[in-house]
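with the sequence up front, the predicted model follows.
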Amino acid sequence: EGDNLRLPFTSVAGLGLSAAESIVEARKEAPFRTIDDLTERTRLNGTLLEKLAHRLIEDPDAVNEKLNRCLLCGSCQANCPSGVSILEIFMEARAIVAAYKGLSPLKKAIFRTLLPNPKLFGFLLKIGAPFQGLAMRDDNNAQGTATCSPLLRPFLGERHMQPLAKQTLSAKIGAVNSPAGKSRCKVAFFPGCMGDKIFTNVSEACLKVFDYHEVGVYLPTNYSCCGIPALSSGDLEGFEKMVMHNVDVLKEGSFDLIVTPCSSCTETIRSLWPKMAGKMPYKYRDAINELSQKAMDINAFLVDVLKVKPRASGRHGQTKVTYHESCHLLRSLGVSAQPRELIRMNPDYDLVEMKEADRCCGCGGSFTLSHYDLSRKIGQRKRDNIVASGAEVVATGCPACMMQLSDMLAHNGDSVTVRENELSIIEEAFEKGWMQPQPPRTRSGKQIAIVGSGPSGLAAAYVLNRRGHSVTVFEKADRPGGLLMYGIPNMKL
């Protein structure tokens, strides 16, 4: 809790002081060798895991509790003067404990049956989404959250949660396999579980950006979870199932990069897939090593690959926005400046830095489910810093952080909204006319009439116009836009 989260070896010491002391002893044996020596790092990791094995036999429940109190935020590893791979050690340690104690039937069902099977997962959500109003009460707040009904509070507590999307991204958009345009780049877009099932607006904003910059997109409808929930719980079997499923899906496409709007997915694909692939069949190991190098966060892609540049406006906007550093985005991927550049590209926004922007918000994935009281204590400090900044909007590059920040702000009745930063930019840019039309260079001379201004009509008109034809859309109904204008927010138009 509190400042101890920043101290090196705090979490390791939780396994017993002897584990931390063993690191010091191992360093004393070879004081002039650097930690960059792979042999020494392996020896230090082995020493810790050996200590863990002894403690596991003595008191497995205590070891499990200590391990699960780690958020896997990476603060200790980032601040470790000896460069010990603490996150890797904790992942291996949790796998050892899970194998020794066994997983609960619920976790087995989720990690080994539900998450690796996108068709089953999507079917259950399709059935459940229309009835979530019976279990959740809309908070009518700035964060767009809902509170659990008394029936669910014994399981989920007093959480303020984001509701499921009425329709998943895969069901709404379908499969996409478009060629690269003037960007000469094609990406496999990996929305992640939250981008597909909760924050679908974020994923749609990313697709708009790809379309505007003529980036080719490979988006199948059968991605499974990236695997981080299973791995964090020590379930290597479930993790491997998800990874191998996704590798099979990705191998069917041809693309230059894998782009995700979720920093946890990016870090998992880029770092954890190859690190934990040792027991998978050789054909998957080779594919994973190749695919992992292509994984990139959406913020880095826009700034570093597409070279998106702000227009010189010379003024600060009226809406104050502050930025929360996602642990995985900052510490694991090294992405920090790019999201801030994107926020500054919106001339209506004024970026104000909060205190301790790089401090963990307290989510930690499954950590917030098993240690919600501690998660709230950590999150309250983040909320206090957000409010103290005077910002009206807090942006972040991680859907899990968005969930946690929304919960903390909702608990305090704050009016600060939570947005994924690229969504903030693109939606407002379209609204204010900053995204300029790109008419075709040549016209075909053909005139085409489109009857009906609903989703299909406008989509057909858009494509035909891009191909050089002159298109007129006819609508006999009272409101242009057809079904887009009934029961669907106008922003979709």
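Yes, it's here.

all contacts plus neighbour counts: C-alpha atoms, from now on.
OK.

now the stretch 201-350 of the chain, which segments are flagged as low pLDDT?
Low-confidence segments of the stretch 201-350 of the chain, defined by pLDDT under 70: 310-315.

all helices for it, in order.
With helices called from DSSP state H, counting those that start in this stretch, the stretch 201-350 of the chain shows them at 228-232, 236-250, 263-267, 273-275, 282-292, 298-300, 327, 337-344.

turn those into TSV, including mean neighbour count and distance to residue 64.
Listed next are those as TSV, based on neighbours: other C-alpha atoms under 10 Å; distance: least, C-alpha to C-alpha, whole Å:
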stretch	mean neighbour count	distance to residue 64
helix 228-232	22	12
helix 236-250	21	16
helix 263-267	26	23
helix 273-275	19	22
helix 282-292	16	30
helix 298-300	23	35
helix 327	26	23
helix 337-344	19	36
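
could you dump those helices to CSV with distance to residue 459?
What follows is the helices of the stretch 201-350 of the chain, written out as CSV (distance: least, C-alpha to C-alpha, whole Å):
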stretch, distance to residue 459
helix 228-232, 36
helix 236-250, 27
helix 263-267, 31
helix 273-275, 38
helix 282-292, 33
helix 298-300, 25
helix 327, 39
helix 337-344, 28
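
excluding sequence neighbours, find me the nearest residue to residue 85.
By the measure of C-alpha to C-alpha, 6 or more residues apart in numbering, the closest residue to residue 85 outside its immediate chain neighbours is residue 77, 6.3 Å from it.

is the one you found in a helix, a strand, or coil?
helix (DSSP: H, G, I helix; E, B strand; the rest coil).

what sits against it?
8, 83, 84, 85, 86, 87 (C-alpha atoms under 8 Å, 6 or more residues apart in numbering).

to residue 458, which of the helices of the stretch 201-350 of the chain lies closest?
Put simply, out of those the one that sits nearest residue 458 is helix 298-300, at 27.3 Å, with distance taken as C-alpha to C-alpha.

surely residue 193 forms part of a helix?
Yes - the assignment for residue 193, made by three-state DSSP, places it in a helix.

gap between it and residue 349?
With the distance defined as C-alpha to C-alpha, to the nearest Å, residue 193 ends up 29 Å from residue 349.

ditto for residue 302
For residue 302 relative to residue 349 (C-alpha to C-alpha), the value is 18 Å.

how about residue 257?
Note on residue 257: its distance to residue 349, by C-alpha to C-alpha, is 30 Å.

before we move on, what about residue 409?
According to C-alpha to C-alpha, residue 409 stands 21 Å off from residue 349.

excluding its backbone neighbours, what's nearest the spatially most central residue of the chain?
The central residue of the chain, meaning the one whose C-alpha is nearest the mean C-alpha position (C-alpha atoms, centre = their mean), is residue 262 at 2.1 Å. Once its chain neighbours are removed from consideration, residue 262 has its nearest residue in residue 398; the separation is 5.1 Å (C-alpha to C-alpha, 6+ apart).

make sure that neighbour is actually in contact with residue 261.
Yes - contact between residue 398 and residue 261 holds when scored by C-alpha atoms under 8 Å: they sit 7.2 Å apart.

those two: who's more crowded?
Ranked by neighbour count (other C-alpha atoms under 10 Å), residue 398 and residue 261 place residue 261 first, with 26 against 23.

could I get the full set of strands for the stretch 301-450 of the chain?
According to DSSP state E, counting those that start in this stretch, the stretch 301-450 of the chain carries its strands in the segments 319-324, 349-351, 393-396, 417-420, 447-451.

need the contact partners of the following helix or strand past the first one.
Sequence order places helix 327 as the next helix or strand after strand 319-324, per DSSP states H and E. Outside helix 327, the residues within contact range by C-alpha under 8 Å, 6+ apart are 73, 74, 75, 358, 359, 360.

export those residues to JSON lines and tack on distance to residue 160, pLDDT and neighbour count?
As requested, those are exported to JSON lines (distance: C-alpha to C-alpha, whole Å; pLDDT from 0 to 100; neighbours: other C-alpha atoms under 10 Å):
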{"residue": "73", "distance to residue 160": "22", "pLDDT": "86", "neighbour count": "23"}
{"residue": "74", "distance to residue 160": "26", "pLDDT": "83", "neighbour count": "21"}
{"residue": "75", "distance to residue 160": "27", "pLDDT": "84", "neighbour count": "21"}
{"residue": "358", "distance to residue 160": "23", "pLDDT": "92", "neighbour count": "17"}
{"residue": "359", "distance to residue 160": "22", "pLDDT": "92", "neighbour count": "19"}
{"residue": "360", "distance to residue 160": "19", "pLDDT": "92", "neighbour count": "26"}
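
nearest to residue 271 among those residues?
residue 74 (13.2 Å).

so how far is residue 326 from that closest one?
In this structure, residue 74 and residue 326 are separated by 11 Å, where distance is defined by C-alpha to C-alpha.

could you do residue 196 as well?
The gap separating residue 196 from residue 326 is 20 Å, by C-alpha to C-alpha.

same question, residue 283
Taken as C-alpha to C-alpha, the spacing of residue 283 relative to residue 326 amounts to 33 Å.

ditto for residue 51
Counting by C-alpha to C-alpha, the gap from residue 51 to residue 326 is 32 Å.

higher neighbour count, the two?
Taking residue 51 and residue 326 together and counting by other C-alpha under 10 Å, residue 326 has the greater number of neighbours (27 against 16).

so who does that one touch?
Contacts of residue 326 were listed using C-alpha under 8 Å, 6+ apart, and they are 263, 358, 360, 396, 397, 398, 401.

turn those into TSV, columns for distance to residue 158.
Rendered in TSV, the data for the contacts of residue 326 read as follows (distance: C-alpha to C-alpha, whole Å):
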residue	distance to residue 158
263	27
358	26
360	21
396	23
397	25
398	22
401	18
